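1. I would like the atomic coordinates for the input below:
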Amino acid sequence: MPSGLRISLKAKESVWLQTHLEEIANRQEEVESFTPERGWFTKTFTYDHVLNAISPQAREKWLKDSNAIEFKEYVNPPLDALAAAIEKKLASYQPNTKAYPIHNPIEEKLMKSKINDLANHKIFYIGLQQANWLIDKNELGIPKNRYKYGMVWVRYASNDHPYCRVYYINIIQDYAGGGTYGASYGYFVKDELFGCPAK
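-> Next up, the predicted model:
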């Protein structure tokens, strides 16, 4: 618990609060130990406390959605400390655009279609990992679909923080039988916070 606070009985007994304070502390350690050579900023976790730290809007929404506004005074100090650590480190966390060297206007358009409010996004880079299809097969060796890995590095103008994001969006064609595949479509996999391009 943050020092200097009178801790209520409910806060002391809250499993939710204890769990999230531990998660925030773990994120703090990961951020403080980050170097660009490591290749990842923070490990996989259920709640995006990196975003909750740097974005007041995201933090408020998280607390409201969790019915935990009453615990705000306990989570704000560690999240503010996490935000300060992120400010020192996140700018140097840059996506490896060289791993996505392939450009295809038609497939890039499909990728962009999976980004909500595209007009308010500034795209710094978009690309695919491979020119040829990778095939996903079931346990019998029958194709399920074929796909290509894609990424889009963006800055959303409406964000209340100065950082960028990478959307991982694959191009997929479902197997239609007889050695044929259906039309291509974009499939959103995940997104992750990154630094923005150096000016």
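2. now the lengthiest strand in the chain: buried residues?
-> Identified as the longest strand of the chain according to DSSP state E is strand 164-177. The neighbour-count check on strand 164-177 (16 or more other C-beta atoms under 10 Å) flags C164, R165, V166, Y167, Y168, I169, N170, I171, I172, Q173, Y175 as buried. Where you see a C-beta, it was placed from the backbone N, CA and C, and this is true even at glycine.
3. who's in contact with the nearest residue to Y100 once chain neighbours are set aside?
-> For Y100, the nearest residue in space outside its immediate sequence neighbours is G127; the separation is 3.5 Å by C-beta to C-beta, 6 or more residues apart in numbering. Under the criterion of C-beta atoms under 8 Å, 6 or more residues apart in numbering, the contact list for G127 reads T97, Y100, P101, I102, H103, E108, G150, M151.
4. any idea how far the second one is from G141?
-> Spelled out, that is Y100. For Y100, the distance to G141 under the criterion C-beta to C-beta, to the nearest Å works out to 29 Å.
5. which of the two has more neighbours?
-> In this view Y100 and G141 are compared by other C-beta atoms under 10 Å, and Y100 has more residues nearby, 22 against 6.
6. quick one: mean pLDDT over stretch 18-34.
-> Throughout stretch 18-34, pLDDT has a mean value of 95.
7. and the contacts of it?
-> The contact list for stretch 18-34, computed with C-beta under 8 Å, 6+ apart, reads 1, 41-43, 45-47, 49-50, 53, 74-75, 78-79, 81-82, 85-86, 89-90, 92-93.
8. cool, and stretch 63-72?
-> Taking C-beta under 8 Å, 6+ apart as the rule, stretch 63-72 contacts K10, A11, S14, W16, L17, V75.
9. please redo it, this time with the cut-off set to 6 Å
-> Here stretch 63-72 makes contact (C-beta atoms under 6 Å, 6 or more residues apart in numbering) with L17.
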